[in-house]
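Enquirer: Provide a 3D model corresponding to the input given below.
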Amino acid sequence: MTQSAQPGDRVTVVIASDELSAVVTIEGRPQTVRGEGAKETRRIALDLAAGYATHIGRPVLIEARDDFGVLRLEAAPGGVVRGLTETSPLPQPKPKPARSGKGGAKVALAVIGGLVAIGLVAVGVVVVIGLLPGQTVAQDGGEGPVLLDGRSPPAGFASTADWRIPLAPGTRPAVAPDGGSAAIITLDERLALVDGSGEQSWSGELPLPVSEIKGLLRFGEGPDGPRVVVVGPSSFWLWPTGGGDPVEYPLASGAQVTFGGSAPLVTTDDGVLLPQDDELVEVDVPEGAGAMLAHGSEVLMAAVGARWFWVPGEGASTEVEADAPEGAEDEGRMLTASENYVVVRWKDPAADRVLLGFHDPRDGSVVASASIAVEELADAHLIEGAGVAAYGSVLLDPDSRETRVLSGFKPLSAAGDVLYGELDGEQVAVGADALPEEMEPNAARPWGLLDGRAVVVDGNNGLYALPPD
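Expert: Presented below is the predicted three-dimensional model:
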């Protein structure tokens, strides 16, 4: 029988925003480690956690957080870290051959493409939003279509954009989950919302300099509907998508804001909080559990094994245990989660293979499963689009609930029903059918689909809205 980590055997890893340092907390004692780059920082931090597992002779649960996600890992006494799913800072989504656009992509905590899908951010101040109905955002000076110059378009999309919008240098757009609007920061450093035709519905002053914004713009659920989220060093704000004044939520020192689900989740050394009305409300944490993501007024919290809790802002929590897929042996281990799936690793009867289960987050039932070689799970991420999902090389069709394995595929992002990633060192676009289409090496990847158009960013030239080819 495989030895499992005990609730008290836990290490917390918090990656700094610049990814050049991390705070590793073992037995309540924090230790700062530094690397020359993001990968080295993570490696050093995980090596420290694995060393602790070897020291105590038992597996250790690792809760790793960065600006984009939360990930749960397990370090074995021999130094092996399992269930690794690093969160990347929402890589530019890559497009696919023209398929029906089904809305924007979701990156699950994976992290947060990175750690178990989730993203973080925060700030504070009063902002006045100016409603500018009917105002048209600059379409490259207002003159007709614009050629995407210097980069190839995503597979399935034209190289001539319907319109272009200049962005504040270094900023990136956020596409709403329904694909109907995008949040941007304009050249004059105002927050604005635009629709599929490039028309601006409102804009407002930012409560802080653009250089102080932490992470990316986000869409999230507020207490009474969708919100645009901006995070700074000491607060974060939620703007109504229809325009108006934002609500500011001050953050305690060391607090992090993550986005694994539809709502922002705030974690501190002392607890877990959710934005409710005009304040942050503390959520009870079941013993041995760790917060993964927020959905509406609830938080999904992972426990040891294949169990998790849904904890509301007020009231009793609900415990869920994953059903074992057919043929699974031994106890399952939760790897990551989103609002749509909890991914659990189960023992496969075949040697050197595991069963990867996609489970319903509410009742634990098996949505789909696949047998896969253990090495295929290294550095795997949970990536979701409207019509496809993937954990590493395992692709899932949400409609048919069928899985396919595209060996060696590393998904980086998704838009609509297409995944974008790497296969044998080449950039590819892949649908749920697992048939890859090779893309040009310099091809742009979409940040999402805005009214069916691929939203791409070309350096400091701004946002391009590319129609299907």
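
Enquirer: all contacts plus neighbour counts: C-alpha atoms, from now on.
Expert: Noted.

Enquirer: now the strands for the stretch 351-469 of the chain?
Expert: Using DSSP state E, counting those that start in this stretch, the strands found in the stretch 351-469 of the chain span residues 353-359, 366-373, 382-384, 389-391, 394-397, 402-405, 410-415, 418-423, 426-430, 437-438, 449-450, 453-457, 463-466.

Enquirer: Mean neighbour count added to those, as a markdown table?
Expert: Output for the strands of the stretch 351-469 of the chain, formatted as a markdown table (neighbours: other CA atoms under 10 Å):
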| stretch | mean neighbour count |
| --- | --- |
| strand 353-359 | 25 |
| strand 366-373 | 20 |
| strand 382-384 | 32 |
| strand 389-391 | 28 |
| strand 394-397 | 25 |
| strand 402-405 | 18 |
| strand 410-415 | 31 |
| strand 418-423 | 27 |
| strand 426-430 | 23 |
| strand 437-438 | 17 |
| strand 449-450 | 32 |
| strand 453-457 | 28 |
| strand 463-466 | 28 |
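
Enquirer: JSON lines please, covering the ones you listed and showing mean pLDDT.
Expert: What follows is these, written out as JSON lines (pLDDT from 0 to 100):
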{"stretch": "strand 353-359", "mean pLDDT": "95"}
{"stretch": "strand 366-373", "mean pLDDT": "96"}
{"stretch": "strand 382-384", "mean pLDDT": "93"}
{"stretch": "strand 389-391", "mean pLDDT": "96"}
{"stretch": "strand 394-397", "mean pLDDT": "98"}
{"stretch": "strand 402-405", "mean pLDDT": "97"}
{"stretch": "strand 410-415", "mean pLDDT": "91"}
{"stretch": "strand 418-423", "mean pLDDT": "94"}
{"stretch": "strand 426-430", "mean pLDDT": "94"}
{"stretch": "strand 437-438", "mean pLDDT": "94"}
{"stretch": "strand 449-450", "mean pLDDT": "96"}
{"stretch": "strand 453-457", "mean pLDDT": "94"}
{"stretch": "strand 463-466", "mean pLDDT": "94"}
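
Enquirer: Including distance to Thr318, could those strands go into CSV?
Expert: As requested, those are exported to CSV (distance: least, CA to CA, whole Å):
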stretch, distance to Thr318
strand 353-359, 16
strand 366-373, 18
strand 382-384, 24
strand 389-391, 26
strand 394-397, 27
strand 402-405, 29
strand 410-415, 31
strand 418-423, 33
strand 426-430, 37
strand 437-438, 43
strand 449-450, 35
strand 453-457, 39
strand 463-466, 43
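
Enquirer: Ala252 is nearest to which of the ones you listed?
Expert: Shortest separation from Ala252 across those is recorded for strand 382-384, at 29.8 Å, computed as CA to CA.

Enquirer: what's around Asn442, how many residues?
Expert: The criterion is other CA atoms under 10 Å. On that basis, Asn442 has 12 neighbouring residues.

Enquirer: Would you confirm that it contacts Arg151?
Expert: Yes. Because the distance of 5.7 Å satisfies CA atoms under 8 Å, Asn442 is recorded as touching Arg151.

Enquirer: First-to-last residue distance for stretch 194-214?
Expert: Terminal residues of stretch 194-214 lie 22 Å apart, using CA to CA, to the nearest Å.

Enquirer: do you know how far the closest residue to Pro436 other than its chain neighbours is from Asn442?
Expert: Here the nearest residue to Pro436 in space, its sequence neighbours aside, is Val430; by CA to CA, 6 or more residues apart in numbering that works out to 4.6 Å. Val430 sits 17 Å away from Asn442 when distances are taken as CA to CA.

Enquirer: what's the answer for Thr241, then?
Expert: Using CA to CA, we find Thr241 at a distance of 34 Å from Asn442.

Enquirer: so how far is Leu412 from the residue nearest to Pro436?
Expert: Distance, Val430 to Leu412, by CA to CA: 11 Å.

Enquirer: Could you do Ala368 as well?
Expert: Distance from Ala368 to Leu412, counting by CA to CA: 21 Å.

Enquirer: likewise Ser369?
Expert: Using CA to CA, one obtains 21 Å as the distance from Ser369 to Leu412.

Enquirer: what sits against Gly392?
Expert: Glu376, Leu377, Asp379, Ala380, His381, Leu382, Phe409, Lys410, Pro411 (CA atoms under 8 Å, 6 or more residues apart in numbering).

Enquirer: Now for the closest residue to Leu412 other than its chain neighbours: which residues touch it?
Expert: For Leu412, the nearest residue in space outside its immediate sequence neighbours is Gly421; the separation is 4.7 Å by CA to CA, 6+ apart. Applying CA under 8 Å, 6+ apart, one finds that Gly421 lies in contact with Lys94, Phe409, Lys410, Pro411, Leu412, Ser413, Gln427, Val428, Ala429.

Enquirer: who's the residue nearest to Val366 when sequence neighbours are not counted bridged to?
Expert: On the basis of CA to CA, 6+ apart, the spatially nearest residue to Val366 that is not a chain neighbour turns out to be His359, at 4.6 Å. Counting by DSSP bridges, His359 is bridged to Val342, Val366.

Enquirer: Is there a neighbour count for Ala316? I'd like the number.
Expert: By other CA under 10 Å, the residues close to Ala316 number 10.

Enquirer: typo on my end, Asp469
Expert: The burial count assigned to Asp469 is 14, neighbours taken as other CA under 10 Å.

Enquirer: repeat for Gly260
Expert: Applying the criterion other CA under 10 Å, we find 35 residues in the vicinity of Gly260.

Enquirer: Equivalent analysis for Asp424, please.
Expert: As a burial measure, Asp424 scores 10 neighbours (other CA under 10 Å).
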